[in-house]
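Undergrad: structure of the sequence below:
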Amino acid sequence: MKSDHLFALDGLRGFAALVVVVSHCAAFGFLPKFLGAGLGQMGVMLFFGLSGFLMAYLYSGKTLNRANLREYAINRATRVLPLYFIVASFVALCFITLDYSLLKVFSWKDIAGNMLLLKGSSVLWTIPVEVHFYVVFVALWFASASRNFLKSLVLLATLQLSSLIILYVNGIDYGPILFSWLHVFLFGSLIGYYYEPLKRSIENSRFSALLSVFAWLVLLLAVVAPPQLRRDFGFPTMVNYLDPITVGYPMLLFACAVFSLGPFGFFKHPILRWFGTISYSLYLLHAFVIDGATGLASRGAFPTELGFPIVLGIGTILAAASFYGFERPTQKMLRAYFSRDRQRTSFA
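TA: Here you go, the predicted model:
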């Protein structure tokens, strides 16, 4: 039976998608500028933390054998790849047949990066990163079976972060690849692996009131979290995946939401949870809506102040249609197919 606390993760996923939409609308002039330029990547960090959490929470307690590994691969692939390849194929087709660029696809190299899951363009960049983590997690899964999960995770995070800092100091920025974002996944994995004992400790803690106060402070810190806002006030910032606040705040928010501390129980709200249901479609499809809205706004079709509600409204409708009409039925069909294929193989 799914723990009631985990329902908040659905709402957190919806919140993360909305943060990305807000940030991208700000980048195109539909919202104040300080809500762009890095805020979207903070939303993406919530997605990455959630992925790490769920992988560790769902699989680290299972035996790593061929059957479970196959189930893991099928579940992950059928969840993220069908819609991704539909979108990537569409933008590739527009470039090849119409010489029209969508989602920053400007060359055959961009098309190859998307289709081969090497390095995605525009909003597609997160999916290769996500898939690459799925591969890395198998090593952590193996480590959990031998009770070396924490040691392996700490070692991996130490090597990654130290290397990342050295490269950054020397002016090398790898950007949208797993190497740059692995620490965010690992933080989520750490919370997911120890979720049950941590939850019990928090529920039985004598300091529950203090934890609630802490959660309220985390919520109040949201006013200084946007990277562009800090830049506007003259505060120094680093590249997003290394900046202590840009990385640290989403992880604090994530931890508070996972355990529903203080005001973060609102992530269980049905509306946010519904947005969590359609969040993947909303994330991948809203960029097309922004492109269309930007073109129309530049021609005077509507004032820029209406840009955000238009993008959110149309994006939500498209996302819901995608999820209920394509994502969910395709996922069920593919999982049923691979399940039958497994049964045929076992009797062969």
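Undergrad: excluding chain neighbours, what is closest to residue 122?
TA: The shortest distance from residue 122 to any residue other than its chain neighbours is 3.7 Å, reached at residue 103 (C-beta to C-beta, 6 or more residues apart in numbering). (Each C-beta comes from the backbone N, C-alpha and C, glycine too.)
Undergrad: the one you found against residue 287, yeah?
TA: Yes - under the contact definition of C-beta atoms under 8 Å, residue 103 touches residue 287, with a separation of 6.0 Å.
Undergrad: overlap of the contact sets of the two?
TA: With C-beta atoms under 8 Å, 6 or more residues apart in numbering applied, the overlap between the contact sets of residue 103 and residue 287 consists of 122-123.
Undergrad: how about residue 266, secondary structure?
TA: For residue 266, the assignment made with DSSP: H, G, I helix; E, B strand; the rest coil gives helix.
Undergrad: re the thing from before, count of neighbours near the residue nearest to residue 122?
TA: In terms of burial, residue 103 registers 23 neighbours under the definition other C-beta atoms under 10 Å.
Undergrad: and it, what pLDDT?
TA: At residue 103, the model reports a pLDDT of 94.
Undergrad: now do the same contact list for it.
TA: Applying C-beta under 8 Å, 6+ apart as the definition, the contact partners of residue 103 turn out to be 87, 91, 121-124, 287.
Undergrad: run the last query once more with 7 Å
TA: Residue 103 sits next to 91, 121-124, 287 when contact means C-beta atoms under 7 Å, 6 or more residues apart in numbering.
Undergrad: likewise residue 285?
TA: Residue 285 is in contact with 315, 318-319, 322, counting by C-beta under 7 Å, 6+ apart.
Undergrad: now do residue 145
TA: 63-64.
Undergrad: CSV for the contacts of residue 103, including distance to residue 277, neighbour count and pLDDT?
TA: Listed next are those as CSV, based on distance: C-beta to C-beta, whole Å; neighbours: other C-beta atoms under 10 Å; pLDDT from 0 to 100:
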residue, distance to residue 277, neighbour count, pLDDT
91, 25, 23, 97
121, 26, 21, 94
122, 23, 19, 94
123, 19, 21, 96
124, 21, 23, 97
287, 20, 23, 96
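Undergrad: now stretch 156-164: how far from the chain's centre is it?
TA: Averaging C-alpha coordinates over stretch 156-164 and over its chain gives two centres that are 21 Å apart (C-alpha atoms, centre = their mean, to the nearest Å).
Undergrad: give me the nearest residue to the residue most central in space within the chain, chain neighbours excluded.
TA: Most central residue of the chain, judged by C-alpha distance to the mean C-alpha position with C-alpha atoms, centre = their mean, is residue 47 at 2.2 Å. Spatially, and ignoring its direct neighbours in sequence, residue 47 is nearest to residue 16 (5.2 Å; C-beta to C-beta, 6+ apart).
Undergrad: contacting residues for that neighbour?
TA: For residue 16, the set of contacting residues under the criterion of C-beta under 7 Å, 6+ apart consists of 43, 46-47, 279.
Undergrad: ok, residue 39 next?
TA: With contacts taken as C-beta under 7 Å, 6+ apart, residue 39 has the following neighbours: 19, 22-23, 226-227.
Undergrad: tell me which two in the residues you listed are the farthest apart.
TA: Taking every pair in those and measuring C-beta to C-beta, the maximum separation is 13.6 Å, between 22 and 227.
Undergrad: hmm, back to that, check whether the residue nearest to residue 47 sits in a helix, strand or coil.
TA: Residue 16 carries the three-state label helix when classified by three-state DSSP.
Undergrad: give me the buried positions along the lengthiest helix in the chain.
TA: For the chain, the helix with the greatest residue count under DSSP state H is helix 66-98. With burial defined by 16 or more other C-beta atoms under 10 Å, the residues of helix 66-98 counted as buried are 69, 71-72, 74-84, 87-88, 91-92, 95.
Undergrad: packing partners of that helix?
TA: Where contact means 3 or more C-beta pairs under 7 Å, 6 or more residues apart in numbering; DSSP states H and E, helix 66-98 is packed against helix 108-115, helix 126-145, helix 279-298, helix 328-347.
Undergrad: distance from it to the middle of the chain?
TA: With C-alpha atoms, centre = their mean as the basis, helix 66-98 stands 16 Å off its chain's centre.
Undergrad: same deal with stretch 318-337?
TA: The answer for stretch 318-337 is 19 Å, by C-alpha atoms, centre = their mean.
Undergrad: so which residues make contact with it?
TA: 74, 78-79, 82-83, 277-278, 280-282, 285, 289.
Undergrad: equivalent analysis for stretch 113-120, please.
TA: Defining contact as C-beta under 7 Å, 6+ apart, one finds that stretch 113-120 is touched by 88, 92, 121, 124-128, 131, 176-177.
Undergrad: and the two most separated of those residues?
TA: The distance between the two most remote of these (C-beta to C-beta) is 20.5 Å, for 92 and 177.
Undergrad: ok, and what's touching stretch 24-34?
TA: For stretch 24-34, the external contacting residues (C-beta under 7 Å, 6+ apart) are 22, 35-37, 40, 226, 228-229, 232, 286-287, 290, 294, 304, 307-308, 311.
Undergrad: narrow the contacts of residue 16 to those in strands?
TA: Counted as lying in strands by DSSP state E, out of the contacts of residue 16, is not a single one.
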